[in-house]
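[1] Quick one, what's the 3D model for this:
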Amino acid sequence: MSVEEAAAAIYTVQNAQTGDLLRKTIVEAGHDPRNFVLYAFGGAGPAHCAGYAAEVGVAEVVVPLGPVASAFSAYGLASSNIALAAELSDPVMMPFDPARAEQNFADLEKQVREGLDRQGVRFDTVEVHREIDMRYTMQLAEMTTSVASGPLDSTAVDAAVEAFEDRYAALYGKDTGFREAGIQAITFRVRGIGVLPFSPELPKIPAAESADPTPARSGSRPVCLDGAKGYRDTPIYDYRTLRARHVLTGPAIVEVPTTTVVVPDGTTGTVDSLGNLIIRRTSVARSTS
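    This next block holds a predicted model:
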């Protein structure tokens, strides 16, 4: 193989493997990948996203915030509320003594609140949520089930069991549950969310007069996005000069200082008012303002 053939093969294999992992994660959680929109950020995500989205049947991909895409995780970390969780493995058959669960939750909530206090951040409010991971006896499929706040009684425990069975049926199908096997509570968990006293505002980018992205085009060069098709003369765009309403027809390359976005053949890339680049297969493409 030539260097170019090897590189094209590596790109294809990487997309296929990522697609397999994505499909496995979504399907094993009981969902259909075709019902989702894929967010792709970081340094490598935008270069591969359209390829592995097609592998799993996802019709729409969003590369967020344009030139900020590679720092999207850091942006989220700096601007999101602070969340901590504490959990305790304490297997017990349902129904159980509510006092046992209440003590578990009290101990876990104390850990979470102390952890939030150590952050040294002023919060507007602190939200506390209780959960129990449950399963049918001898099964491995555990379901995280929300538990009502406040003092627990037998009614609250029964409600948690009902919620578990409802979610199990929603994910695996009606009548797939088997209460006669028994239900186990495996892990008790408390999640604490420290709500920050501010909310980030995303600036909007200027709108283009038309959908024609030519003003943002920086040139063209031979690009190989598919080993079977080989090199094609491909337009190159500078993400920093793209504007809202611009529509790119694949194949196209969008260059960002810290990453590269691939818009393959058979797709379009539309820029929205926040600078997100929305990649859709041509068969389902629609205009975005």
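
[2] where in the protein is pLDDT low?
    283-289 (pLDDT under 70).

[3] run the last query once more with 80
    Judged by pLDDT under 80, the chain has its weakly predicted residues at 29-30, 66, 141, 150, 226-228, 283-289.

[4] now the helices for the protein?
    For the chain, the helices defined by DSSP state H cover 3-28, 45-56, 72-79, 98-117, 154-172.

[5] For the shortest one, list every residue counted as buried.
    Residues of helix 72-79 classed as buried by neighbour count (16 or more other Cβ atoms under 10 Å): Phe72, Tyr75. (Each C-beta comes from the backbone N, C-alpha and C, glycine too.)

[6] That helix - contacts with which helices or strands?
    For helix 72-79, there is no helix or strand it packs on, judged by 3 or more Cβ pairs under 8 Å, 6 or more residues apart in numbering; DSSP states H and E.

[7] Give me the contacts around it.
    Helix 72-79 is contacted by residues Phe41, Gly42, Pro64, Leu65, Val68, Leu196, Pro200 when judged by Cβ atoms under 8 Å, 6 or more residues apart in numbering.

[8] most tightly surrounded among the helices of the chain?
    helix 45-56 (a mean of 21; mean count of other Cβ atoms under 10 Å).

[9] between the helices of the chain, which one is nearest to Phe188?
    Phe188 lies closest to helix 98-117 among these, at 4.3 Å (Cβ to Cβ).

[10] Which strands or helices does the closest one pack on?
    Looks like helix 98-117 contacts strand 82-93, strand 125-136, helix 154-172, strand 183-195 (3+ Cβ pairs under 8 Å, 6+ apart).

[11] got the domain boundaries for the protein?
    With domains defined by automatic domain parsing, the chain comprises 3-75+203-284, 81-195.

[12] still on that earlier bit, return a PyMOL selection command for the buried portion of the contacts of helix 72-79.
    For anyone working in PyMOL, the buried entries among those, judged by 16+ other Cβ under 10 Å, can be selected with:
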select buried, resi 41+42+64+65+68+196
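
[13] on that earlier part again, can you list the helices of the chain in JSON lines and add distance to Arg191?
    Converted to JSON lines, the helices of the chain look like this (distance: least, Cβ to Cβ, whole Å):
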{"stretch": "helix 3-28", "distance to Arg191": "21"}
{"stretch": "helix 45-56", "distance to Arg191": "27"}
{"stretch": "helix 72-79", "distance to Arg191": "17"}
{"stretch": "helix 98-117", "distance to Arg191": "7"}
{"stretch": "helix 154-172", "distance to Arg191": "15"}
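
[14] right, and the ones you listed - which one's nearest Tyr136?
    Using Cβ to Cβ, the helices of the chain put helix 154-172 closest to Tyr136, at 7.8 Å.

[15] List the residues that contact the most centrally placed residue in the chain.
    For the chain, the residue nearest the mean C-alpha position is Tyr39 (6.5 Å; Cα atoms, centre = their mean). Neighbouring residues of Tyr39 by Cβ under 8 Å, 6+ apart: Val61, Val62, Pro64.

[16] In strands, which of those appear?
    Using DSSP state E, the subset of those located in strands is Val61, Val62.

[17] you'd agree Val256 is up against Ala71?
    No. If you go by Cβ atoms under 8 Å, Val256 and Ala71 don't touch, sitting 10.4 Å apart.

[18] Report the beta-bridge partner residues of the residue nearest to the centre of the chain.
    On the basis of DSSP bridges, Tyr39 takes part in beta bridges with Val62.

[19] measure it to Ile278 for me?
    11 Å (Cβ to Cβ, to the nearest Å).

[20] beta partners for Gly194?
    Ile82, Val126.

[21] can you give me the strands for the stretch 151-289 of the chain?
    Under the criterion DSSP state E, counting those that start in this stretch, strands of the stretch 151-289 of the chain are mapped to 183-195, 217-224, 231-238, 247-249, 252-256, 259-263, 267-271, 277-281.
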